[in-house]
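Engineer: Next come a sequence and a model predicted from it.
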Amino acid sequence: MALNRKIAYIDLSTGKIEIKPIPLNVRKKFLGGRGLDAYLLYNHTEKGCDPLGPKNTLIVSGGILTATLASATARTHVMAKSPLGGMVGSANMGGFFAPELAWAGFHHLVIKGRAEKPVYLWIHNGKIEIRDARHLWGKTTTETQWAIREELGDEDIKSMVIGPAGENLVRFANVMTGIKNSGGRTGMGAVMGSKNLKAVAARGTMDIRIAHPKEALEYNKRFIDQITSAKVNQTQGTLGTPFIWGATNSWGGVRCRNFQYNQELYCDEIEPEAIDEVCTETMGPYHMAGCFGCQVHCRAKYRIPTGPYAGVYDEGPEYTSQGAFCGEPDCRSMETLLTGNHLVDQWGMDNLETGSLISWAMELYELGILTNKETDGLDLRFGNDEALLEMVKRIAFRQGWLGDTLAEGGIIASERIGKDSFDYLIQVKGVSNLHSDERATPALALNIATASRGSDHLRSRPAIDLYHLPQEVMRKIYGNPVPYDGPLSSEHTEYIGKPWQVFWHENCYMAVDCLGICKYHTVFLGATLPNFEDWTKVLYYNTGLEFTSREIWDIAERCNMMERLFNLREGLTKEDLMRGDTLNHRYFDEPTRRGAPDVVGRVIDLEKFKKMVDEFYGYKGLDQKGVPKPETLKRLGLENEPSHLL
Amino acid sequence: MEPVTKVLAINHEKCTGCRLCELICSVFHDGVSNAARSRIKIMKWESEGLYIPMSCQQCQDAPCKIICPVKAISRDEILSRVMVDQNKCIGCRACVAVCPFGAMNFNVIDRKIFKCDLCDGDPQCVRFCEVKAVDYVDADRVSTFKKKSAAEKISAARKEAAALESELR
């Protein structure tokens, strides 16, 4: 059964491997997945450790419901101290790796130390072996996966790997599985690279007993009907995430020219429908693919239609690639979009961070802060597609002064570049913002400012705040499982009630991350999708564990506090621009210049923003400095951390 | 009971490769999640984005039935399926060797042969496959989808030809 999946401690310096069960009391406190990872990270790293040194701990996991009938339990979570900002590093990816890891007998891997030479882990039916990976070093992400299958003679092996960017310690290198599933954010690939760990390969045929199979099957069917009947998921299943970029761009919610504009104009060529046309032309009418057990199938298949990579197969592009290779650098070519997406997939780099940093450099170049000397003669103006793709390569392989500098991530790069370059960097906690512009949406601004892993939408974004939902619908969502009778506003430009929404979503997303479910199966993009009440059922039917909705909420709150404790230990300070819960001054000073009438001319009101942060802290049980009050830690059972239960 | 005229029809173009069918199959039959126990399996060429579900074709003249030395395999004409009698099966795997589709499976845990039994007339893989890459249809309708898509191509080609002709004029 799911509860007998093990945890393994692997020391790459000594080669020692220890396998242990996960005690039920730990499960009841942290469930699994990202929540338990946060506990392990806090307990297995020392304060101030070098993120790229042997003392950083890399944790790989599936959720407690991985490979069970809870619908879309495909997610793999990877955690370590982030080499980008020194805070919580956390990345989550779909695909087929986590279920294979669970069938091989494991839910959590705690990887310490540093191997002397490149190695990979081979995990097969309860056994773990450290194998030589010298022959894999230098290979791209897909080459590595196929080579492992060939070497071990099993086509069903699923691996999570790094590409050249991870080997080159690019601080935002990602971890990949399959063609395009990426644990993208916060440089987990660089941590793997620093440990000389090229890949983790898994293959398993061990039964996971389902506690109540009949009920689990029927509830899964209900889930599927609920999930596929949501309009947003139907659109996802046709156009993938690019539809979100297209819709957001139409009203002025995406970054353009780094942060100069909030909308890209004249970009018909890279609209979602245009991407869909390329997919249809190159892969046929049925070109959408799904992750394990998921009926949303939001992953498009395509072949690059033109250019030096014409005919090459890849998947995506996600909206993050539209942002990285179109909106932010103000490029608008299909070829650049699909090629850029392919390059970061193959070399193993976070597309969001890559596009953000290059766009930042483009702004600095146009301002004269960067010159031809630093770019080695590259004409790094906005809208220069060739220069954009050239920079992707220079970063991945650390070529030239600027390539090597940007590979260090925004904070270190801004120190090297000097002048007032940092003022133009759109980041929180050292992590670049994704492609969205939050100046007209206070709820979303609060989300990125306070997200544990830095400027990111997948930790607490109340995306449904953009839907202008009726009050009664909002009351129903935000009043459960914890009663809330404070104000709620259906207006996305408002500040009222938003801190509670961000707090609610922070707990909702942590819960799905503990379960190992995809966020498209909860209240992220669709208001009608499953949440706490449904999870009590799937947990019971699949594992036999009984929880109330409130108990799952409490676990999520506890796990979020665990991440907070880690960040505080590593120096999180409320208003620190590099390691705090705040935003670049441009959010407060530079009004938006484009977009719908209620969006143009907006800034975030600094005073109201500060009030939102304080209110949010209040819900979390933090004092006004952002530190948990003693009674909060007691309430969450975290007063003795690190407690070393596992 | 009237004989069932339906057959499992696979349209591989529609398959999204999610493998929910494999999960459903193993839970429905064995109460456990384990793709290795599934009667249906998605064969993948990942670097080309090609996914093809493979399962038993319930052959009329089944090679597995012919080769079985202990006559453990028989045809159930009511549900139009090929069945294995687990009490007679000696686990020699001769059926695995001769099946042209690789649809006969050997379970390493129980050391027994297992194959698709159409879930006694309500195939669960079909029930859970939203895109209907796996479908359960009347035998005489199996080729209709292919006929229609081929006909569409002919129709499109005819329109193009007509357009060309009018251009030339």
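Structural biologist: That came through fine.
Engineer: Give me the spatial nearest neighbour of the residue most central in space within chain B, chain neighbours excluded.
Structural biologist: Centroid-nearest residue in chain B: B:Ser55, 3.6 Å away (criterion: C-alpha atoms, centre = their mean). Nearest residue to B:Ser55, sequence neighbours excluded (C-beta to C-beta, 6 or more residues apart in numbering or on different chains): B:Ile40, at 4.2 Å. (Each C-beta comes from the backbone N, C-alpha and C, glycine too.)
Engineer: Which helix or strand contains A:Ala91?
Structural biologist: strand A:88-93 (DSSP states H and E).
Engineer: which residues are contacting that strand?
Structural biologist: A:34, A:37-38, A:41, A:51, A:75-83, A:160, A:174-177, A:181-188, A:191, A:452-453, A:458, A:513, A:563, A:566-567 (C-beta atoms under 8 Å, 6 or more residues apart in numbering or on different chains).
Engineer: Can you show me the CA trace of it as CSV?
Structural biologist: What follows is strand A:88-93 as a C-alpha-only set of coordinates in CSV (Å, rounded to 0.1, in the frame of the first residue of the first chain):
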residue,chain,number,x,y,z
VAL,A,88,13.7,27.3,-0.1
GLY,A,89,14.4,25.6,-3.4
SER,A,90,11.4,23.7,-4.7
ALA,A,91,10.4,22.4,-8.1
ASN,A,92,7.5,20.3,-9.1
MET,A,93,7.0,18.4,-12.4
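Engineer: May I see the buried residues of it?
Structural biologist: By neighbour count on 16 or more other C-beta atoms under 10 Å in any protein chain shown, the buried set for strand A:88-93 is A:Val88, A:Gly89, A:Ser90, A:Ala91, A:Asn92, A:Met93.
Engineer: ok but B:Tyr51 is inside a helix, no?
Structural biologist: No - applying DSSP: H, G, I helix; E, B strand; the rest coil, one finds B:Tyr51 to be strand, outside a helix.
Engineer: pLDDT on the strand holding A:Ala91, on average?
Structural biologist: Strand A:88-93 carries an average pLDDT of 98.
Engineer: cool, and stretch A:451-461?
Structural biologist: 96.
Engineer: With just CA atoms, put it into CSV.
Structural biologist: This file holds the C-alpha atoms of stretch A:451-461, laid out as CSV (Å, rounded to 0.1, in the frame of the first residue of the first chain):
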residue,chain,number,x,y,z
ALA,A,451,5.7,32.9,-2.0
SER,A,452,8.1,30.7,-0.2
ARG,A,453,10.3,29.9,-3.2
GLY,A,454,10.4,33.4,-4.6
SER,A,455,8.5,35.2,-7.3
ASP,A,456,6.2,32.5,-8.4
HIS,A,457,2.6,31.7,-9.2
LEU,A,458,2.3,28.1,-8.1
ARG,A,459,2.7,28.6,-4.4
SER,A,460,-0.3,30.8,-3.6
ARG,A,461,-1.7,32.6,-6.6
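Engineer: Give me the residues contacting it.
Structural biologist: Contacts for stretch A:451-461 (C-beta under 8 Å, 6+ apart): A:82, A:84-85, A:87-90, A:92, A:185-186, A:426-434, A:436, A:444, A:447-450, A:463, A:502-503, A:505-506, A:509, A:519, A:524, A:560, A:563-564, A:567.
Engineer: so how far is B:Phe128 from the residue lying closest to A:Gly284 once chain neighbours are set aside?
Structural biologist: Distances taken as C-beta to C-beta, 6+ apart place B:Glu13 nearest to A:Gly284, at 6.5 Å, with adjacent residues excluded. Taking C-beta to C-beta, to the nearest Å as the measure, B:Glu13 falls 19 Å from B:Phe128.
Engineer: Which one's more surrounded, these two?
Structural biologist: Shown here are B:Glu13 and B:Phe128; by other C-beta atoms under 10 Å in any protein chain shown, B:Phe128 has more neighbours (22 against 17).
Engineer: got a pLDDT number for the more buried one?
Structural biologist: pLDDT, B:Phe128: 97.
Engineer: With B:Lys159 instead?
Structural biologist: The per-residue pLDDT reported for B:Lys159 equals 89.
Engineer: That one: which element?
Structural biologist: Here B:Lys159, judged by DSSP H and E, is contained in helix B:144-168.
Engineer: Show me what counts as buried in that helix.
Structural biologist: Within helix B:144-168, judged by 16+ other C-beta under 10 Å, the buried ones are B:Phe145.
Engineer: contact partners of that helix?
Structural biologist: By C-beta under 8 Å, 6+ apart, the list of residues contacting helix B:144-168 reads B:Ala9, B:Asn11.
Engineer: Write out the residues of the stretch 201-350 of chain A neighbouring chain B.
Structural biologist: A:205-210, A:213, A:216-217, A:220-221, A:224, A:228, A:283-295, A:297, A:301, A:313, A:315 (C-beta under 8 Å from any C-beta of the partner chain).
Engineer: Narrow those to those in helices?
Structural biologist: A:Pro213, A:Ala216, A:Leu217, A:Asn220, A:Lys221, A:Ile224, A:Thr228, A:Met283 (DSSP state H).
Engineer: Looking at these, which is nearest chain B?
Structural biologist: Ranked by distance to chain B (C-beta to the nearest C-beta), those are led by A:Pro213 at 4.3 Å.
Engineer: I'd like to know how many residues surround that closest one.
Structural biologist: With neighbours defined by other C-beta under 10 Å, the count for A:Pro213 comes to 20.
Engineer: swap in A:Leu169?
Structural biologist: So A:Leu169, with other C-beta under 10 Å, has 19 neighbours.
Engineer: Mind pulling up the pLDDT for it?
Structural biologist: Here the pLDDT value assigned to A:Leu169 is 98.
Engineer: ditto for A:Leu380
Structural biologist: pLDDT at A:Leu380 comes out at 98.
Engineer: Okay, the closest residue to A:His521 other than its chain neighbours and A:Ala115: tell me how far apart.
Structural biologist: Leaving aside its sequence neighbours, A:His521 sits nearest to A:Ala72 (C-beta to C-beta, 6+ apart; 5.0 Å). Per C-beta to C-beta, A:Ala72 is found 34 Å from A:Ala115.
Engineer: Strands of chain B, start to end?
Structural biologist: Under the criterion DSSP state E, chain B contains strands at B:6-10, B:32-33, B:41-45, B:50-54, B:73-76, B:81-84, B:105-107, B:112-114, B:134-138.
Engineer: Compare those strands and give me the one nearest A:Pro591.
Structural biologist: Closest to A:Pro591 of the strands of chain B is strand B:50-54 (C-beta to C-beta; 48.7 Å).
Engineer: Mean confidence (pLDDT) on stretch A:107-125, please.
Structural biologist: For stretch A:107-125, the mean pLDDT works out to 98.
Engineer: Can it be said to contact chain B?
Structural biologist: No - figure legend: stretch A:107-125 not in contact with chain B (C-beta under 8 Å from any C-beta); closest approach 10.0 Å.
Engineer: For chain B, what is the nearest residue in the stretch 251-400 of chain A?
Structural biologist: Nearest residue of the stretch 251-400 of chain A to chain B, counting by C-beta to the nearest C-beta: A:Gly290, 3.4 Å away.
Engineer: Wait, that residue touches B:Lys14, no?
Structural biologist: No - checked against C-beta atoms under 8 Å, the pair A:Gly290 and B:Lys14 is beyond contact range at 11.5 Å.
Engineer: Pick out whichever of these two has more residues nearby.
Structural biologist: Set side by side, A:Gly290 and B:Lys14 show more neighbours around A:Gly290, with 24 against 19, by other C-beta under 10 Å.
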